[in-house]
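> Return a 3D structure for these sequence lines:
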Amino acid sequence: MSPCALVVHLLPFLAGVLTGALVAAPATAAFQAPAPASPKAPDDAAKPAPKPATNDEEPRGLRLREPAAEDGFTLIAPLNSHDIHLIDMDGKVVHTWKTGLAPGGATEMLPNGNLLRCARKPENPRFHGGGIGGWIHELDWDGKVVWEYELANAQLTQHHDMARMPNGNLLVIAWEYHGPEEAAERGRDPRFRHKEGLWSDVILEIEPVRPVGGKVVWTWRAWDHLVQDLDPKAPNYGKLAENVGRIDINADHRYLPVELTDEERERRQKIEEQMRAVGYTGGDAPPPPDEKDGQKGPPPGPKISSDWLHTNSIDHLASEDLIVVSTPHLSEVWVIDHVTTTAEAAGSTGGRLGRGGDLVFRWGNARNYGLGSEADQRLFDQHDATWQPGLRAGELRLLVFNNNVGLPGKERSTVDEVVLPYERERGFHRDNGLAFGPRSAIWSYSDAKRFHSSFISGAQRLHGGNTLICEGAKGRVFEVDRDGKVVWDYWSPLGGEIEPSPQGGKAPPKALFRAQRISRDHAGVKGKL
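Numbering: from 1, shown residues only. Here you go, the predicted structure:
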């Protein structure tokens, strides 16, 4: 199982849902994007490249380098380490930032060469699980903290990711606590009410106050946009298909099978063993109520998490002022209109697209809003949804690391690029009674023999058109060209020198949340390397 997703979100494997669903293009699929000139290979690129290795663990370090690889440095922050590293194209560490904290998700280089990172604050008063952070730090080249923002309390805690806006503000993901009583009042199925309540997600726009602190200037809360069709007396009662912009509070368990076949039960047990081994979850299911109480516990099948959304990535598109987030536990990406006030973001009117804070687009699992079937599901516990330029003005694309947890047959992940049904004048569109498109990816990379990460991971489209992929669980970072050919392959030997935090998830020793390629002409590294 994806340690980053509770077994409840692996429902596709329980019913073999992928028949007719996502058909990833082969690794040699043509990439339909502008074909900029290939970057000039460095002088030493002609050196004999290491021969590709097939072992998933050894040797560690650089395995392959070809002239077609885009020159630069690769930024990595091992999950089980306090250190952050820049790696050159030969796999050598050229700079290290020493810190006193393990990462709490994303790390990225700013234009001035400083690092912006999510850091894990020990001993959170309530929250736990993979991706937990609590601090955002900006580090200078020598590792000195030049700005910090703390968000780690019993009501709100930062986790996983942040996105820097052109004005310097940050969009930050945080868990928000709602007790079992609140969940009941909002129409949560009583069979699936967790003893730890529900951890919903919020997005905060933070204006940094240097050197310490920040001002919240905008807020979006998933809790303000719920729908449920279980209890007519509870708020936000309605049909899912008539409330496409709202989030079903029972989506995480709605399609769980009541009974499992022997094969499904065996697969579930295997996945739960993997979960326990890595501990990458936020809360687990309470035991079924006593029969003497006259109540029935959750039906046999996947467990339920308080961390029911587990939003793991956020990205901002400045040209349209749109936010995209990834919620792997629902196997969807969501788009939110940022042209709203905080008051408008709490409702369903206002903003450039007129929908307030309701979802203006969602994709990956149309059953969540009542307009799809198992066969329509396209994403499975995905990570790292990022905006990409299109072929024409106004065209919007997304690049997503599709972990594809629970697919029948051999485990395999894909990196998928999709074109969104969007026109600036009319916004995101779909036909009446139908789910949002697209039906398939415009470009996809896969390698069923060697490429799979059940949790974390990400992908970055490089300036020359290649794609840098972080296969997070293995600590592997590799680069593919537009035809899916691997042109650079690095297996990190770094990390593992600290014990995983019980609150932060027990990721494998060399695991990486993501990786970032930094070009040699990046202003932040010029004159320093």
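> From what I see, residue 183 and residue 234 are in contact.
No - look at residue 183 against residue 234 with Cβ atoms under 8 Å: they stay out of range, at 10.4 Å. Where C-beta positions appear, they are placed from N, C-alpha and C, glycine not excepted.
> hang on, isn't residue 121 packed against residue 135?
Yes - look at residue 121 against residue 135 with Cβ under 8 Å: they come within range, at 5.1 Å.
> Need the overlap of contacts for those two.
Common neighbours of residue 121 and residue 135, using Cβ atoms under 8 Å, 6 or more residues apart in numbering, are 101, 104, 150, 152.
> secondary structure class for the closest residue to the first one other than its chain neighbours?
When you say that, I think you mean residue 101. With Cβ to Cβ, 6 or more residues apart in numbering as the criterion, residue 101 has its nearest non-adjacent residue at 4.2 Å, and that residue is residue 119. Under the three-state scheme (DSSP: H, G, I helix; E, B strand; the rest coil), residue 119 adopts strand.
> Would you mind listing where the protein has pLDDT under the threshold?
1-57, 258-303, 408, 504-505 (pLDDT under 70).
> And the helix or strand hosting residue 324, what does it pack against?
Using DSSP states H and E, residue 324 maps to strand 322-327. Applying 3 or more Cβ pairs under 8 Å, 6 or more residues apart in numbering; DSSP states H and E, one finds that strand 322-327 contacts strand 198-208, strand 313-317, strand 332-337, strand 383-389, strand 396-402.
> strands paired with that strand, and their directions?
strand 313-317 (antiparallel), strand 332-337 (antiparallel) (DSSP bridges).
> returning to that earlier point: just among the shared contacts of residue 121 and residue 135, which is most surrounded?
The most crowded member of the shared contacts of residue 121 and residue 135, judged by other Cβ atoms under 10 Å, is residue 104 (29 neighbours).
> Am I right that it is in a strand?
Yes - according to three-state DSSP, residue 104 belongs to a strand.
> Tell me how many other residues crowd residue 431.
Other residues within reach of residue 431, judged by other Cβ under 10 Å, total 9.
> Helix, strand, or coil at it?
Assignment for residue 431 (three-state DSSP): coil.
> So what sits opposite the residue nearest to residue 83 when sequence neighbours are not counted in the bridge?
Once flanking residues are discounted, residue 83 sits nearest to residue 96: 5.5 Å by Cβ to Cβ, 6+ apart. With DSSP bridges applied, residue 96 shows beta-bridge pairing to residue 85.
> Kindly report the same for residue 323.
Beta-bridge partners, per DSSP bridges, of residue 323: residue 316, residue 336.
> Is it correct that it is in contact with residue 314?
Yes - in this structure, residue 323 is within contact of residue 314 by Cβ under 8 Å, at 6.5 Å.
> Quick check: neighbours shared by those two?
By Cβ under 8 Å, 6+ apart, the residues touching both residue 323 and residue 314 are 163, 171, 203.
> so how far is residue 116 from the last one?
Translated: residue 203. From residue 203 across to residue 116, the span is 17 Å (Cβ to Cβ, to the nearest Å).
> Residue 166 too?
To residue 116, residue 166 is 14 Å away according to Cβ to Cβ.
> Ok, residue 96 next?
Taking Cβ to Cβ, one finds residue 96 at 17 Å from residue 116.
> picking that back up, nearest to residue 65, of the strands paired with strand 322-327?
strand 313-317 (28.4 Å; Cβ to Cβ).
> Contacts for that closest one next, please.
Strand 313-317 is contacted by residues 160-165, 171-173, 203, 322-326, 338, 383-387, 396, 458 when judged by Cβ under 8 Å, 6+ apart.
> what number of residues lie near the residue nearest to residue 83?
Residue 96: 12 neighbours (other Cβ under 10 Å).
> Ok, residue 63 next?
21.
> With residue 341 instead?
By the measure other Cβ under 10 Å, the count of residues near residue 341 is 14.
> is it true that it touches residue 347?
No - contact criterion Cβ under 8 Å: residue 341 and residue 347 do not qualify, at 9.8 Å.
> who does the nearest residue to residue 395 once chain neighbours are set aside bridge with?
Of all residues not flanking residue 395 in the chain, residue 419 sits nearest, at 6.6 Å (Cβ to Cβ, 6+ apart). Applying DSSP bridges to residue 419 gives these bridge partners: residue 397.
> Could you do residue 363 as well?
If you apply DSSP bridges, the partners that residue 363 bridges to are residue 333.
> Now do the contacts for it.
Contacts of residue 363 by Cβ under 8 Å, 6+ apart are 332-333, 378-379, 398, 418, 420, 436-438.
> do residue 451 as well
Contacts of residue 451 by Cβ under 8 Å, 6+ apart are 412-413, 445, 469, 471.
> again, 6 Å this time
Applying Cβ atoms under 6 Å, 6 or more residues apart in numbering, we find residue 451 in contact with residue 413.
> Need phi/psi at it.
Main-chain torsions, residue 451, degrees, to the nearest 10: phi -120, psi 110.
> What separation is there between it and residue 397?
Going from residue 451 to residue 397 by Cβ to Cβ gives 22 Å.
> What lies in contact with stretch 113-128?
Contacts for stretch 113-128 (Cβ under 6 Å, 6+ apart): 101-102, 104-110, 133-141, 152, 154, 157, 175, 503-504, 524.
> That should have said stretch 423-437, apologies.
Against stretch 423-437 from outside (Cβ under 6 Å, 6+ apart): 353, 360-361, 363, 366, 371-372, 394, 421-422.
> next one: stretch 80-95
For stretch 80-95, the surrounding residues in contact (Cβ under 6 Å, 6+ apart) are 61-62, 73-77, 96-100, 107, 490, 494-498, 500, 509, 529.
> let's see 7 Å
If you take Cβ atoms under 7 Å, 6 or more residues apart in numbering as the criterion, stretch 80-95 is touched by 42, 61-62, 65, 69, 71, 73-77, 96-102, 107, 115, 490, 494-498, 500, 507, 509, 511, 529.
> out of those, which are buried?
With burial judged by 16 or more other Cβ atoms under 10 Å, the buried subset of the contacts of stretch 80-95 is 42, 61-62, 65, 69, 71, 73-77, 97, 99, 101-102, 107, 115, 490, 494-496, 500, 507, 509, 511.
> Out of those residues, name the ones that lie in helices.
Of these, none are assigned to helices by DSSP state H.
> on that earlier part again, output the strands paired with strand 322-327 in JSON lines; the columns should cover distance to residue 520 and mean neighbour count.
Listed next are the strands paired with strand 322-327 as JSON lines, based on distance: least, Cβ to Cβ, whole Å; neighbours: other Cβ atoms under 10 Å:
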{"stretch": "strand 313-317", "distance to residue 520": "25", "mean neighbour count": "21"}
{"stretch": "strand 332-337", "distance to residue 520": "32", "mean neighbour count": "26"}
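> With distance to residue 307 as extra columns, can I get the ones you listed in JSON lines?
Formatted as JSON lines, these follow (distance: least, Cβ to Cβ, whole Å):
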{"stretch": "strand 313-317", "distance to residue 307": "15"}
{"stretch": "strand 332-337", "distance to residue 307": "15"}
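> can you tell me which of those comes nearest to residue 210?
Distance to residue 210, taken as Cβ to Cβ, is lowest for strand 313-317 among the strands paired with strand 322-327, at 21.0 Å.
> Pull the CA coordinates from that closest one and hand them back as PDB.
Output in PDB follows, covering the C-alpha atoms of strand 313-317 (Å, rounded to 0.1, in the frame of the first residue of the first chain):
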ATOM      1  CA  SER A 313       0.900  19.100  -3.100                       C
ATOM      2  CA  ILE A 314       0.000  22.700  -4.000                       C
ATOM      3  CA  ASP A 315       1.000  24.800  -7.000                       C
ATOM      4  CA  HIS A 316       0.000  28.400  -8.100                       C
ATOM      5  CA  LEU A 317      -0.600  29.500 -11.600                       C
END
